[in-house]
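Student: Model the structure of this input:
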Amino acid sequence: MSFKTEFRWSDVTPKAMFLNRRQLIAGAGALMAAPAMARNKWSVDEPPNSLEDISGYNNFYEFGWGKEDPAAYAGALTTDPWSVEIGGLVDKPGKYDLADVLKGQSIEERIYRFRCVEAWSMVVPWHGFELAGLLARVGVQPSAKYVAFETLLRPEEMPGQKDGSFPWPYVEGLRLDEAMHPLTILATGLYDQPMPKQNGAPLRLVVPWKYGFKSIKSIVKITLTNKQPPTTWNILQSNEYGFYANVNPQVDHPRWSQATERPIGGGLFAGRKDTLLFNGYGDDVASLYAGQDLAVDY
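Tutor: Residues are numbered from 1 along each chain as shown. Reported below is the predicted structural model:
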């Protein structure tokens, strides 16, 4: 099924939430940096899921383990003011407020496939900017090889963090060439509005050829390093979750097959579809892994 329209998906999707005035102003300023918000060349032609699907069915364990918990409890999260600490092997380390992070960045609409390691999938119309642009601004030093990320730690607003069974805060990482790839973005919103809190407001990573848990939410810290950084799921279960986490239908999770996926929003009897290597982005990213055994570097 294809759609040929002259308007964006946001024009036909109801807005499901209201955001504070200052956040709207900041979001609007960022959106104006990209005239007409044209669909980016990296976007897929598949129709996106509804805002209700995207904001109502997701994992954000800081708010609970159920798929509906983030939408139920993330409203308590304070996202204004917000700052991101950028450090390590960079020329301009410091704590940058959100407006400064967004300064000079071109906000684009990127309609990406999203594949969860749990074998469900969506298509999401993100708005954001290439991570490479921010890294260029702070100056990546020659010895840097990896980029580490950290999520907010605030248990008084994120009730899931009161569970001592998880090594909070949530941490993730990319190899530097993965981070600098033009498909890798820092997302600031979706459907022409600032990022819903349950989806990782105000700033989250999106790496569309990797399983969703690599796309860390509510980022407060970015560190350039010469060593492979620890990542939360690899810390918890290294036999099930590797550092790379590339979507690979040929490498099963130890407890389920990754050969197929269940699209969300397709209805009770919509069935499953085959999972694509690198989530369908192989033409763009396969060269990053030339010479690697992806069954070993999973």
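Student: Residue 114 contacts residue 209, doesn't it?
Tutor: No: Residue 114 is beyond contact range of residue 209, at 10.7 Å (criterion: C-beta atoms under 8 Å). Quick note: C-beta positions are derived from backbone N, CA and C, even for glycine.
Student: between the two, who's got more neighbours?
Tutor: residue 209 (27 against 21; other C-beta atoms under 10 Å).
Student: The more buried one: what's it in contact with?
Tutor: When contacts are counted by C-beta atoms under 8 Å, 6 or more residues apart in numbering, residue 209 touches 183, 246, 247, 278, 279, 281, 282, 284, 285.
Student: Please indicate which of those are buried?
Tutor: Listed as buried from these are 183, 246, 247, 278, 279, 281, 285; burial here means 16 or more other C-beta atoms under 10 Å.
Student: Assign a three-state SS to the fifth one, would you?
Tutor: When you say that, I think you mean residue 279. When classified by DSSP: H, G, I helix; E, B strand; the rest coil, residue 279 comes out as helix.
Student: Which pLDDT value goes with the nearest residue to it once chain neighbours are set aside?
Tutor: What sits nearest to residue 279 in space, not counting adjacent residues and going by C-beta to C-beta, 6 or more residues apart in numbering, is residue 247, at 4.1 Å. Per-residue pLDDT puts residue 247 at 98.
Student: What separation do you get for residue 247 and residue 87?
Tutor: Note on residue 247: its distance to residue 87, by C-beta to C-beta, to the nearest Å, is 30 Å.
Student: again, but for residue 111
Tutor: 33 Å.
Student: and those two? which has more neighbours close in?
Tutor: For residue 111 versus residue 87, neighbours defined as other C-beta under 10 Å are more numerous around residue 111 (21 against 16).
Student: and that one, what does it touch?
Tutor: 9, 39, 40, 43, 44, 46, 48, 123, 124, 125, 126.
Student: got a list of what residue 113 touches?
Tutor: Residue 113 neighbours (C-beta under 8 Å, 6+ apart): 44, 46, 121, 122, 123, 208, 279, 280, 281.
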